[in-house]
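K.L.:
Here you go, sequence then predicted model.
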Amino acid sequence: MAPGVQFTLFQLLLTLFLILDLVKKGGAGITSTFTRSQWQSFDIPLDNKVFAIPTGYNAPQQVRITQGDYDGKAVIISWVTADEPGPSKVQYGTSEKKYDLSADGKVTNYTFYNYKSGYIHHCLVDGLEYETKYYYKIGLSASSREFWFQTPPKIDPDSPFTFGIIGDLGQTYNSLSTLEHYMQSGGQTVLFVGDLSYADRYQYNDVGIRWDSWGRFTERSTAYQPWIWSAGNHEIEYMPDVGEVIPFKSYLHRYSTPYLASRSNNPLWYAIRRASAHIIVLSSYSPHVKYTPQWQWLRDELKRVDRKKTPWLIVVMHVPIYNSNQAHFMEGESIRVVFERWFVHYRVDFIFAGHVHAYERSYRISNIRYNVSSGDRYPVPDRSAPVYVTVGDGGNQEGLAGRFWDPQPEYSAFREASYGHSTLEIKNRTHSFLHWHRNDDGQRVPADSVVFLNRHWASNLRRRKLKKNHLKARGEINF
Ligand SMILES: [Fe+2]
C-alpha cells in the first residue's frame, strides 16, 4: 500500500476513535452490564496437554524470555531441567538451525516445604541487534529444543510498538482463553501486572508443582516474546505453618529481571526502555514509604526518564490506585499517598495494575491537594495525571470481581467484570491506542478502545513545534 494511502486510512481511523472518545466523555463513566465468564473457575487438571512435559531425558521446560538490559539489546532466557542440571548454555543466531553464537548462564534451585525444584537456568544473551529475528536452542542432542524471538526497534521517540497487558492469570480454562486471545492480538511484549500462577492457593508440595505447571502452560508465549514481570500478592508465599517465611522465594528463583541495569538493588523493582517507552516496574508489597530503597530508586529513575527519547512513560504495579470495585477497594492507598505526586509531576502516561479481577479505566484525575489539614479530599480532573488501567482479569481460580461501587465514581471511565487482556499500540510520539479485549470477542471488536495523546508531547506548543519540524525534515505531516 502506498504510504499516502496508509496515512489517510490511519487519519480516518484516528478521527473515528476521537469521535467515539468524545461521545464517551460527554457523560459520566460507563459500567458495562456485560459479564462474561466462559468457564468455571477451577484449575486445569495437571494431566491436561496444556501442561505437557516435553519429551526426552532432561528436556528443557518452562522456557521464558524477558528483557535483559536497559535498552532492549539483550534478553534473559530462562528454563528448567528436571533430572539433572545439564548445560546452562544458549546457542543462537539470526538464521534458523544455524547457531553460530552462544552464551553461558547460571543454574539455581530451591526447596519449598518438601518440594525440591528442578534446575532453574538463567542465561543473559546480550549484544543483540535491534529489529532482528533470533533463533535459539537449549538442551542437549535429542532433548534439545528450539525457539525464536524478535528484538525491538531502536530507542527512538517515534518507534511504534505494541505491548500486551495481562494480569492475575492463573491456570484455569479462562486463563488459557486469555492467553490464546492475547497470542492473536499482535502484541510484541507483555507487561505482566502480577499474580502469576496462583500456586500459593495450594498446600505443601503442590505449591511448587503448580509453579512448574504454570511455567509450562505459559511457555507457548513466554518462549517467543519477552514478558516483563512484576510481583503480586500471590508471589509473597509467606507460609509459616509449613516453615516457609522468605517472601517471594519461588518467584525470585524462577523469574529474572534486569534490575541491575536500571541501578536498582532489588529484582522486584526496576525499569526498562523499549522502542519509544520507558517502563517502570514497582513492587506493591515491598516497602515504599519515604527513604526506603524503592522510594529512593523511583525518585532517581524518574529523573533519568528522557521524554525526547522515550516519550511514553508507563508504570506497572500490582495493586491499583484508582479502582471502584468493592474487591480490594483502596488497597493501593499507601502507594498513592507516597507516589501520586511524582506520577503527576512527571506526567506519567499510564499506570497499569491488576489485583482486582475485572477491567477498569479511569479518566485523568489526581488527588494530590489533599493533606490531613486541608480537607480537600476529592480527586479532580488533571491533564497532567496518568490514566489508571486495571487489567486483573486474566482468569485465575478466584473468579471475577463483579461488584462495583454504585453510583460509578466520577474518576471511573469504563468498567466491566469479564475476563480478558489489554493492548497498548504506540503509533508515534504523540498517539497511542489502548484496547481491552474481553475473551469472547474476536480481535477486531475490542470492548473498550481509546486514543491517548502523549502527556509530554500533547501540549499545543510542543505539537506545533513538532509539526513544523517534521514538515521541514520530511515534507509530510506527522501529527
Ligand atoms: Fe492480587
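P.N.:
Cool, the structure landed.
K.L.:
which residues of the protein score low on pLDDT?
P.N.:
Along the chain, segments meeting pLDDT under 70 span 1-28, 33, 35-39, 441-445, 460-464, 466-479.
K.L.:
Show me what from it comes close to the ion.
P.N.:
195, 232, 233, 355 (Cβ under 5 Å from the ion). Where you see a C-beta, it was placed from the backbone N, CA and C, and this is true even at glycine.
K.L.:
Looking at the residues you listed, spot the one nearest residue 424.
P.N.:
Checking those against residue 424 by Cβ to Cβ gives residue 355 as the nearest, at 18.8 Å.
K.L.:
give me the residue from the stretch 1-150 of the chain nearest the ion.
P.N.:
Of all residues in the stretch 1-150 of the chain, residue 41 sits closest to the ion, at 14.7 Å by Cβ to the ion.
K.L.:
ok, for that residue, nearest residue in space, not its chain neighbours?
P.N.:
residue 399 (4.1 Å; Cβ to Cβ, 6 or more residues apart in numbering).
K.L.:
Correct me if wrong: the one you found contacts residue 357.
P.N.:
Yes - at 6.7 Å, residue 399 and residue 357 qualify as touching, with contact defined as Cβ atoms under 8 Å.
K.L.:
So if I had to pick from those two, which one is more boxed in?
P.N.:
For residue 399 versus residue 357, neighbours defined as other Cβ atoms under 10 Å are more numerous around residue 357 (27 against 16).
K.L.:
hmm, back to that, burial measure for the residue of the stretch 1-150 of the chain closest to the ion, as a count.
P.N.:
Applying other Cβ under 10 Å, we find 18 residues neighbouring residue 41.
K.L.:
and what of residue 270?
P.N.:
Residue 270 has 27 neighbouring residues, counting by other Cβ under 10 Å.
K.L.:
any idea how far the ion is from the residue nearest to it when sequence neighbours are not counted?
P.N.:
Nearest residue to residue 270 in three dimensions, chain neighbours excluded: residue 259, at 3.8 Å (Cβ to Cβ, 6+ apart). Applying Cβ to the ion, to the nearest Å, the value for residue 259 to the ion is 21 Å.
K.L.:
wait, isn't residue 259 in contact with residue 267?
P.N.:
Yes - with contacts counted by Cβ under 8 Å, residue 259 reaches residue 267, the gap being 4.6 Å.
K.L.:
Could you check which residue of this protein lies nearest the ion?
P.N.:
Going by Cβ to the ion, the ion is nearest to residue 355 of the chain, at 3.9 Å.
K.L.:
how about that residue, what does it touch?
P.N.:
When contacts are counted by Cβ atoms under 8 Å, 6 or more residues apart in numbering, residue 355 touches 167-168, 193-195, 232-233, 284, 318-320, 328, 331, 390, 392.
K.L.:
and with 6 Å instead?
P.N.:
Residues near residue 355 by Cβ atoms under 6 Å, 6 or more residues apart in numbering: 318, 319, 328, 392.
K.L.:
Ranking by neighbours, what's the top pick from those?
P.N.:
When neighbours are counted by other Cβ under 10 Å, residue 392 leads those with 31 neighbours.
K.L.:
Could you export stretch 187-200 as PDB, CA atoms only?
P.N.:
Output in PDB follows, covering the C-alpha atoms of stretch 187-200 (Å, rounded to 0.1, in the frame of the first residue of the first chain):
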ATOM      1  CA  GLY A 187       1.200  -7.800  21.000                       C
ATOM      2  CA  GLN A 188       5.000  -7.800  20.900                       C
ATOM      3  CA  THR A 189       5.900  -7.900  24.600                       C
ATOM      4  CA  VAL A 190       3.800  -8.500  27.700                       C
ATOM      5  CA  LEU A 191       3.700  -6.200  30.600                       C
ATOM      6  CA  PHE A 192       2.600  -8.600  33.300                       C
ATOM      7  CA  VAL A 193       0.900  -6.800  36.200                       C
ATOM      8  CA  GLY A 194       1.500  -9.500  38.900                       C
ATOM      9  CA  ASP A 195      -0.100 -12.700  40.300                       C
ATOM     10  CA  LEU A 196       1.300 -15.300  38.000                       C
ATOM     11  CA  SER A 197       0.500 -19.000  38.900                       C
ATOM     12  CA  TYR A 198      -1.800 -18.800  42.000                       C
ATOM     13  CA  ALA A 199       0.300 -21.800  43.200                       C
ATOM     14  CA  ASP A 200       0.000 -20.300  46.700                       C
END
